[in-house]
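*Asks:* dropping the sequence and predicted coords here.
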Amino acid sequence: MKRIVAALVETLCARGAMVVSRDGLPVVSVVGKDVQVDRLAAMGAAILSDVKRSLEAAGMADFTQCEVAAEQGKVILVAAGPVYLLVLTGPRIELGPGSVEIRSAARQVERAAQLSPA
Amino acid sequence: MGFFSDLLGGRSLDALVERARRQLASGEFDNGLATVAKGLEKFPSAHVLRDTGQSIRRAKARAGMGALLGRVEQDSDPEAFEQLIALYHETGMAAERVRLTERYVAEHADREQPHLLRGEQALEEFFGDLRARDGRLAIDHLLKAGALHPDSLKPRLLLAEIYFAIGADRALLGQAAAIERLAGDDEVVRPVVTALREAAAPAPAESIDALLAKVEVSGAVLRDPSAWSSRKRRGVADGADGARLQRNLERLVRDEDASEAVVIDRGGATVVAVGDRTLDVAPGDAPADGGESGLARVASVVARTIKVSARELEMGAFRRFVVEGPFGVMVVADAAGGVVAAKARRGADPHRLAERLTVAVEGARGRRS
């Protein structure tokens, strides 16, 4: 799974990417020197705990993808079967959750997650 | 092309952009800016026009910057500092503006103006994303400006804004007394002093830093000073802006770009809600008064948690959060410190929804070039 994430980071020239569990816990991560893994994981956890809970309470359960856009970059979170793939990009990369590279990586992560022992 | 251009009298978006660019190339900066301003009245969401306007402003500023930089370098001329800082502000060169103001403070530490400028900048930053350290910086510089020029009203009013916003009521009353002493007879200032006194409920012990930290963690100010400070940029839906915003969001729903839209102000209150309420929380969980919708709740949570996480990841100012699923699409976007959110049916284009939402908010807050 780490290989898939590393390849994605390289292809996109992303600042980092990680696979997180459904409750936001990091599974594997590949991040650049300027990124603190804990903070990226905290973003994933914020989305997958607080935001997800409020979405469910509002009748919007089972989100498949989301994107946080800020002045200096984006965080993209895509469902990958039992886990989520989270990507952090820089300010100049025009990418979204629908990009081919991310969708393809998410599918590979999903397959890898289903094959790995529980 | 020529035929249509003639038919439209050069008023199509392409024609306007082309004319503005020609004026930029020939150094007719004021005419170029006038063209852009006219174009934005007709095409308020045209990014290409906004970008052209920005390029013209930068080119205009660059023309005057050289001489000012020389005066700063050679003479440390305070007037040149101030003009150059204003130019950087006008042209959106935020980092240069801050750096130059800090240098102005360092080289003229005994003057009121550099502290006032830096304090005001830090205050803007504080109201932008509510970081405690910006608030502390603003307070320190504004206090210094006030100490250097005790009869100056502006630092007192700016300090009152931040104290009011974070709930530092003891400090707020101190500033209210100073404002009354300086301009208590002024008919514009008098109601401000009254508003400050009415709002203040001082606690026996008050820690400014603790209050700033509380605001940063909660992601919301205690009270929005927009109403009395008349600084609209600090509130998403004040007065006439609020009515316009409501109309714009109603149009968004009427045009079926969204099924529901809400606006949450900096304090976390829902100020505008339009559209259906199918997203309301589950039965039994809903507020008795049927008040806040599910969309508003989600928007509040996003404002509270995602903005903070984005800041900690050093991603700069939060712009928007887009989520998709079997339920459809939801967009939560920043709006002058508050957030605006909309939901659309499944299959809707999230980027179009985000764009329409931005246009609705910007249109309500006045057209900017």
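*Replies:* Great, that's in hand.

*Asks:* got a list of what B:His89 touches?
*Replies:* B:Arg97 (CB atoms under 8 Å, 6 or more residues apart in numbering or on different chains). C-beta coordinates here come from the backbone N, C-alpha and C atoms, glycine included.

*Asks:* what mean pLDDT does the lengthiest helix in chain A get?
*Replies:* In chain A, assigned by DSSP state H, the helix with the most residues is helix A:100-115. Taken as a whole, helix A:100-115 has a mean pLDDT of 88.

*Asks:* which of the residues in it are buried?
*Replies:* Neighbour-count burial for helix A:100-115, counted by 16 or more other CB atoms under 10 Å in any protein chain shown, picks out A:102, A:105-106, A:108-110, A:112-113.

*Asks:* ditto for stretch B:173-180
*Replies:* B:173-176, B:178-180.

*Asks:* stretch B:326-343 now?
*Replies:* Buried positions in stretch B:326-343, judged by neighbour count with 16+ other CB under 10 Å: B:327-343.

*Asks:* filter these down to the ones close to chain A.
*Replies:* B:327-328, B:330, B:343 (CB under 8 Å from any CB of the partner chain).

*Asks:* closest one of those to chain A?
*Replies:* B:Phe327 (4.2 Å; CB to the nearest CB).

*Asks:* what residues are up against the closest residue in space to that closest one that isn't next to it in sequence?
*Replies:* Closest residue in space to B:Phe327, ignoring its immediate chain neighbours: A:Met60 at 4.2 Å, by CB to CB, 6 or more residues apart in numbering or on different chains. By CB under 8 Å, 6+ apart, the contact set of A:Met60 is B:279, B:294, B:298, B:323, B:325, B:327-328, B:330, B:343.

*Asks:* quick revisit: which of the buried residues of helix A:100-115 sits closest to B:Ala15?
*Replies:* Nearest to B:Ala15 among the buried residues of helix A:100-115 is A:Ile102, at 39.3 Å by CB to CB.

*Asks:* hang on, the closest one packs against A:Val87?
*Replies:* Yes: the pair A:Ile102 and A:Val87 qualifies as a contact (CB atoms under 8 Å) at a distance of 6.1 Å.

*Asks:* anything in contact with each of the two?
*Replies:* Taking CB under 8 Å, 6+ apart as the criterion, A:Ile102 and A:Val87 both touch A:8, A:12, A:76, A:78, A:95.

*Asks:* nearest spatial neighbour of the second one, skipping sequence neighbours?
*Replies:* By the measure of CB to CB, 6+ apart, the closest residue to A:Leu12 outside its immediate chain neighbours is A:Glu101, 5.9 Å from it.

*Asks:* how far away is the one you found from A:Ile76?
*Replies:* 11 Å (CB to CB, to the nearest Å).

*Asks:* find residues that contact each of the two.
*Replies:* A:Leu95.

*Asks:* quickly note the distance from the spatially most central residue of chain A to B:Leu117.
*Replies:* Most central in chain A under CA atoms, centre = their mean is A:Leu86, positioned 1.0 Å from the mean C-alpha point. A:Leu86 sits 40 Å away from B:Leu117, going by CB to CB.

*Asks:* neighbours of B:Gly167, just the number please.
*Replies:* 20 (other CB atoms under 10 Å in any protein chain shown).

*Asks:* chain A contacts on chain B?
*Replies:* Residues of chain B that fall close to chain A, judged by CB under 8 Å from any CB: B:278-282, B:285, B:293-295, B:297-298, B:301-302, B:304-306, B:308-310, B:312-328, B:330, B:343, B:351.

*Asks:* ok, which stretches of chain A are strands?
*Replies:* Applying DSSP state E to chain A gives strands spanning A:16-21, A:26-31, A:65-70, A:73-80, A:83-89.

*Asks:* and the fourth one, which strands flank it?
*Replies:* Strands adjacent to strand A:73-80 in the sheet, as given by DSSP bridges, are strand A:65-70 (antiparallel), strand A:83-89 (antiparallel).

*Asks:* equivalent analysis for the first one, please.
*Replies:* For strand A:16-21, the pairing partners within the sheet under DSSP bridges are strand A:26-31 (antiparallel), strand A:83-89 (antiparallel).

*Asks:* just those strands: most buried one?
*Replies:* Across the strands paired with strand A:16-21, averaging neighbours per residue (mean count of other CB atoms under 10 Å in any protein chain shown) puts strand A:83-89 on top, at a mean of 26.

*Asks:* could you give the mean pLDDT of it?
*Replies:* What strand A:83-89 shows for mean pLDDT is 92.

*Asks:* B:Ser152 in helix, strand or coil?
*Replies:* The three-state assignment at B:Ser152 reads coil, by DSSP: H, G, I helix; E, B strand; the rest coil.

*Asks:* circling back to that earlier point, can you lay out the strands of chain A as TSV showing distance to B:Arg71?
*Replies:* As requested, those are exported to TSV (distance: least, CB to CB, whole Å):
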stretch	distance to B:Arg71
strand A:16-21	45
strand A:26-31	46
strand A:65-70	37
strand A:73-80	38
strand A:83-89	42
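
*Asks:* those: which one's closest to B:Val359?
*Replies:* Of all the strands of chain A, the one in closest proximity to B:Val359, counting by CB to CB, is strand A:65-70 (16.4 Å).
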